[in-house]
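>>> everything below, folded, please.
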Amino acid sequence: MAVALMWGWSLAGSIVFGLGLSVASTVVLLRALESRGMLETVNGHIAVGWLVVEDLVMVLVLVLLPPLAAWLGDSARVVGDRSLLTTLALTLSQVTVFIALMLVVGRRVFPWLLWQVAGTGSRELFTLCVVAAAVGIAYGSAALFGVSFALGAFFAGMVMRESPLSYRAAEESLPLRDAFSVLFFVSVGMLFEPQVLIREPFHVLVVIAIIVVGKSLAAFFLVLLFRYPLNTALTVSASLAQIGEFSFILAGLGISLGLMPAEGQSLILAGAIISIAINPLVFRVVEPAQNWIRRRSQLAQALERPDDPLAALPMTVDLKRLTGQVVLVGYGRVGRRIGEALIAQGIPFVVAEENREIVEKLRANDIPAVSLPPRTRSTSAV
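Residues are numbered from 1 along each chain as shown. This is a model prediction of the structure:
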């Protein structure tokens with residue numbers, strides 16, 4: 001936003017531009033993590049969780065931006081005599097009613113509908129029902145409640161998740177998801193204006209620097225601030241070094257509302273295409289960067305957070321529980337069953353687990369546990 005203000009843009013256009021550069025592409029991230037076998041790792045879960053929260057915030061921005069347009073800049077859209085608070089209250093009330101209907105009615109109706117259709121034994125009819133329900137909810141949210149298609153589609157997925165057939169629905173719709181992803185990026189490529197690279201090369205370089213360097217550094221230090229290991233911080237940083245679908249949607253909405261100049265959309269598209277293209281290279285830098293930092297002991301000690309309270313057992317643990325104990329490395333489905341058997345036999349044990357949330361829950365249940373630094377699949381220990 002500050003850079004756009006330096007370029008002479010309005011405050012409203014700068015805000016939209018900054019928001020557009022702040023949200024990474026979940027589709028690109030999922031592809032990157034899948035290709036590296038990291039999707040089911042702790043680092044992968046943190047990166048995907050981060051982007052899901054970003055997407056939720058962007059959905060809220062898309063909901064609130066149209067009613068705020070008249071007060072943010074020289075928008076041609078007129079809200080009338082309603083005050084800002086009245087407009088916001090009306091918009092949020094519509095969204096609240098929609099969410100309430102989805103959580104109360106949708107969670108009962110659509111899972112029941114999927115079950116009835118699955119009973120017919122027709123795979124084609126089941127796929128058609130999944131697509132029709134998703135598109136129907138998205139369209140209804142926009143037509144009846146003034147909610148964006150994005151929010152409607154998100155809640156369509158939420159209500160379908162309540163069905164015991166949700167995994168089958170996801171599997172059946174996977175080819176469609178891949179096809180729509182391809183069409184989406186093809187359409188983005190058709191919108192891209194190559195002349196912006198010649199007309200505004202400095203602006204394009206600044207945008208790429210903000211996306212690849214600025215966002216990555218901000219994420220790196222935030223993850224370390226929450227006492228996660230260096231490997232996690234570098235993985236999340238590489239995951240956020242690109243922008244994607246919500247950036248394009250936000251840029252198009254900003255232009256249609258008269259908040260951002262057309263140059264902003266061209267810069268966002270250029271930044272997205274280039275950052276997505278070089279994102280695999282950024283992931284390849286993670287391991288060399290980690291090795292470089294760890295070769296410098298003082299820097300590694302400062303970044304690795306040796307004072308992490310979850311990295312060692314508390315002093316209050318009874319020594320009897322640390323004598324002749326079993327060490328469980330990992331507390332997933334199998335580890336949990338082993339732990340339950342050890343508790344039943346009265347055998348003391350200590351859990352070493354990568355997932356910090358699991359460690360915190362175990363300690364809350366008076367089970368000794370320590371946090372391990374996450375590793376990639378290629379170096380994980382058995």
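
>>> give me the most central residue, the protein.
Centroid-nearest residue in the chain, with CA atoms, centre = their mean: residue 51, separated by 1.3 Å.

>>> mean confidence for the longest helix seen in the chain?
Scanning the chain for the longest helix, with DSSP state H as the assignment, gives helix 262-294. Per-residue pLDDT over helix 262-294 has a mean of 88.

>>> next up, the contacts around the residue nearest to the centre of the chain.
The neighbours of residue 51, taking CB atoms under 8 Å, 6 or more residues apart in numbering as the test, are 24-26, 29, 239-240. Yep, even glycine has a C-beta here, placed from its N, CA and C like the rest.

>>> roughly how far does it sit from residue 132?
28 Å (CB to CB, to the nearest Å).

>>> in the longest helix of the chain, which residues are buried?
Using 16 or more other CB atoms under 10 Å as the test for burial, helix 262-294 gives 263-276, 279, 282-283, 286, 289-290, 293.

>>> just give the closest residue to the residue nearest to the centre of the chain, not the sequence neighbours.
Leaving out its chain neighbours, the residue that sits closest to residue 51 by CB to CB, 6 or more residues apart in numbering is residue 26, at 4.7 Å.

>>> tell me how far the residue in the chain sticking out farthest from the centre lies from residue 328.
Residue farthest from the centre of the chain, counting by CA atoms, centre = their mean, is residue 320 at 43.3 Å. According to CB to CB, residue 320 and residue 328 sit 18 Å apart.

>>> any weak-confidence spans in the stretch 51-200 of the chain?
The model of the stretch 51-200 of the chain has pLDDT under 70 over residues 73-84, 87, 146-148, 150-151.

>>> now do the helices in it.
84-101, 107-118, 123-145, 149-161, 166-191, 195-199 (DSSP state H, counting those that start in this stretch).

>>> can you tell me which of the ones you listed is most buried?
helix 149-161 (a mean of 19; mean count of other CB atoms under 10 Å).

>>> who touches it?
55-56, 58-59, 62-63, 95, 98-99, 102-103, 106-107, 110-111, 114, 130, 133-134, 137-142, 166, 169, 246, 249.

>>> what about the longest helix of the chain, distance to the chain center?
17 Å (CA atoms, centre = their mean, to the nearest Å).

>>> do the same with stretch 128-135
24 Å.

>>> repeat that for stretch 287-298.
Relative to the centre of its chain, stretch 287-298 is centred 27 Å away, using CA atoms, centre = their mean.

>>> just the CA trace of that stretch, in PDB.
This file holds the C-alpha atoms of stretch 287-298, laid out as PDB (Å, rounded to 0.1, in the frame of the first residue of the first chain):
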ATOM      1  CA  GLU A 287      17.300 -26.600   2.100                       C
ATOM      2  CA  PRO A 288      20.500 -24.700   1.100                       C
ATOM      3  CA  ALA A 289      19.300 -21.700   3.100                       C
ATOM      4  CA  GLN A 290      18.700 -23.900   6.200                       C
ATOM      5  CA  ASN A 291      22.100 -25.500   5.800                       C
ATOM      6  CA  TRP A 292      23.700 -22.000   5.400                       C
ATOM      7  CA  ILE A 293      22.000 -20.700   8.600                       C
ATOM      8  CA  ARG A 294      22.900 -23.800  10.600                       C
ATOM      9  CA  ARG A 295      26.600 -23.500   9.700                       C
ATOM     10  CA  ARG A 296      26.600 -20.200  11.500                       C
ATOM     11  CA  SER A 297      26.100 -21.200  15.100                       C
ATOM     12  CA  GLN A 298      25.200 -17.800  16.500                       C
END
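
>>> tell me what the longest helix of the chain is packed against?
helix 11-22, helix 26-35, helix 166-191, helix 195-199, helix 201-209, helix 230-239, helix 245-256, helix 297-304 (3 or more CB pairs under 8 Å, 6 or more residues apart in numbering; DSSP states H and E).

>>> what packs against the third one?
Based on contacts counted as 3+ CB pairs under 8 Å, 6+ apart, the elements that helix 166-191 packs against are helix 123-145, helix 245-256, helix 262-294.

>>> relative to residue 229, which of those is closest?
The minimum distance between residue 229 and the helices and strands packed on helix 166-191 falls on helix 262-294, with 9.7 Å, by CB to CB.

>>> what's the angle from the closest one to helix 230-239?
Per axes from the mean of the first three to the mean of the last three CA atoms, to 10 degrees, the angle that helix 262-294 makes with helix 230-239 is 160 degrees.

>>> next, count neighbours for residue 102.
For residue 102, the count of nearby residues is 22 (other CB atoms under 10 Å).

>>> distance check, it against residue 269.
In terms of CB to CB, residue 102 sits 32 Å off from residue 269.

>>> ok, the closest residue to residue 278 other than its chain neighbours - how many residues close by?
Closest residue to residue 278 apart from its sequence neighbours, by CB to CB, 6+ apart: residue 212 at 7.0 Å. Residue 212 sits with 23 neighbouring residues when counted by other CB under 10 Å.

>>> quick one, what contacts residue 212?
So residue 212 contacts 241-242, 275, 278, 282 (CB under 8 Å, 6+ apart).

>>> would you turn those residues into a markdown table with distance to residue 360?
A markdown table is the format used below for the contacts of residue 212 (distance: CB to CB, whole Å):
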| residue | distance to residue 360 |
| --- | --- |
| 241 | 29 |
| 242 | 31 |
| 275 | 34 |
| 278 | 36 |
| 282 | 31 |
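
>>> may I have the helix or strand residue 337 falls within as CSV, with CA atoms only?
If you go by DSSP states H and E, residue 337 is part of helix 333-345. What follows is helix 333-345 as a C-alpha-only set of coordinates in CSV (Å, rounded to 0.1, in the frame of the first residue of the first chain):
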residue,chain,number,x,y,z
ARG,A,333,-3.4,-43.2,14.9
VAL,A,334,-1.0,-46.0,15.7
GLY,A,335,0.9,-44.2,18.4
ARG,A,336,-2.3,-43.2,20.1
ARG,A,337,-3.4,-46.9,20.3
ILE,A,338,0.0,-47.9,21.7
GLY,A,339,-0.2,-45.1,24.3
GLU,A,340,-3.6,-46.3,25.4
ALA,A,341,-2.3,-49.8,25.8
LEU,A,342,0.7,-48.5,27.8
ILE,A,343,-1.6,-46.5,30.1
ALA,A,344,-3.8,-49.6,30.6
GLN,A,345,-0.7,-51.6,31.6
